[in-house]
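[1] Everything below, folded, please.
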Amino acid sequence: MFKYRQYFERLSLNAHHETIKILVFNIFVIPFSIMFGLFTSWIGGIISSVIGIMLLNLFLSQGYQLQIEKNAEMRIMAFIDAFTIVKIFINNNYNVYRAIEETIRYVKPILKDDLTRLLEDIDIDKSVQPFVKFARTFAPLIIEELMIGLYQLDIQGGSRQQLEGFDYMFNQFETHKTNDQRRRYDDRLDSMNMWPLIGAGLIAIDLLIGVIEIIMRAISEL
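    Next up, the predicted model:
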């Protein structure tokens, strides 16, 4: 249900440390549930423990997932920034390899290692494969098209028409991502409207626990 191992791998986290942290958080829920049970009933304590642990792990899982999505978005934006610089070098008569090599000095750390590996792969393999391999570390399929276009631009001499074609496709992608970021921001604002509903749900759960306690007390007095 909670894919912690996948989260650790995708975020390059120490699985041992993260597992201990999650266990500690879960253990902290138990004393509060026991205290709740002392003031109500053992059934209330058990129900509150289960609900508390479920909500805690849902919250933790959501946090890991949001971090994965944030990192993916950061890499895409770093890609756009980096290849904007690559285009500048190409327009100044640099070949693709040299343009990427020069660009590495200016890119964000989150993408620097990827570009370095791309050049290392190109040194070994002069085909399109290093470009495709690099592109497939990103989710948007258009990045693979862009990298293939960049490879073709390089091997076919980099004519003005080819460069304009690459520029057009790259600019379309950049515009799409800008609009997508605005949409995500609006969605986050809309999601804030869900918090009152969540609060109402928690109140309903508390009422349900109270009703169950009343019923159990009535049964015990029979």
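[2] which residue ranges form the helices in this structure?
    4-10, 15-39, 42-91, 96-103, 109-124, 129-135, 141-155, 160-191, 195-221 (DSSP state H).
[3] Worst mean pLDDT among the ones you listed?
    Looking at the helices of the chain, the lowest mean pLDDT belongs to helix 195-221 (a mean of 61).
[4] Contact partners for the residue nearest the centre of the chain?
    Centroid-nearest residue in the chain: E69, 1.5 Å away (criterion: C-alpha atoms, centre = their mean). Not one residue lies near E69 by C-beta atoms under 8 Å, 6 or more residues apart in numbering. Placement of C-beta: from N, CA and C, glycine included.
[5] what does M147 give?
    So M147 contacts F131, V132, F134, A135 (C-beta under 8 Å, 6+ apart).
[6] So the closest residue to the third one other than its chain neighbours versus H176, what's the distance?
    This points to F134. Distances taken as C-beta to C-beta, 6 or more residues apart in numbering place L118 nearest to F134, at 4.5 Å, with adjacent residues excluded. Going from L118 to H176 by C-beta to C-beta, to the nearest Å gives 23 Å.
[7] Neighbour count for these two, which is higher?
    Counting neighbours by other C-beta atoms under 10 Å for L118 and for H176 shows that L118 has the greater number, 21 against 12.
[8] residue contacts, that one?
    I100, P130, F131, K133, F134.
[9] Now do the domain split for this structure, please.
    Following the assignment in automatic domain parsing, the chain carries domains at 4-71+193-221, 73-184.
[10] Highest mean neighbour count out of these?
    domain 73-184 (a mean of 15; mean count of other C-beta atoms under 10 Å).
[11] so how far is it off the chain centroid?
    For domain 73-184, the separation from the chain centroid amounts to 21 Å (computed by C-alpha atoms, centre = their mean, to the nearest Å).
[12] got the CA coordinates for stretch 97-109 in PDB?
    Taking Å, rounded to 0.1, in the frame of the first residue of the first chain, the C-alpha atoms of stretch 97-109 are listed here in PDB:
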ATOM      1  CA  TYR A  97      29.400  18.300 -28.400                       C
ATOM      2  CA  ARG A  98      31.400  21.500 -27.800                       C
ATOM      3  CA  ALA A  99      28.200  23.400 -27.000                       C
ATOM      4  CA  ILE A 100      27.200  20.900 -24.300                       C
ATOM      5  CA  GLU A 101      30.700  20.800 -22.900                       C
ATOM      6  CA  GLU A 102      30.700  24.600 -22.500                       C
ATOM      7  CA  THR A 103      27.200  24.700 -21.100                       C
ATOM      8  CA  ILE A 104      28.100  22.300 -18.300                       C
ATOM      9  CA  ARG A 105      29.800  25.200 -16.500                       C
ATOM     10  CA  TYR A 106      26.600  27.100 -16.300                       C
ATOM     11  CA  VAL A 107      23.900  24.400 -15.600                       C
ATOM     12  CA  LYS A 108      22.300  23.700 -12.200                       C
ATOM     13  CA  PRO A 109      23.800  20.900 -10.100                       C
END
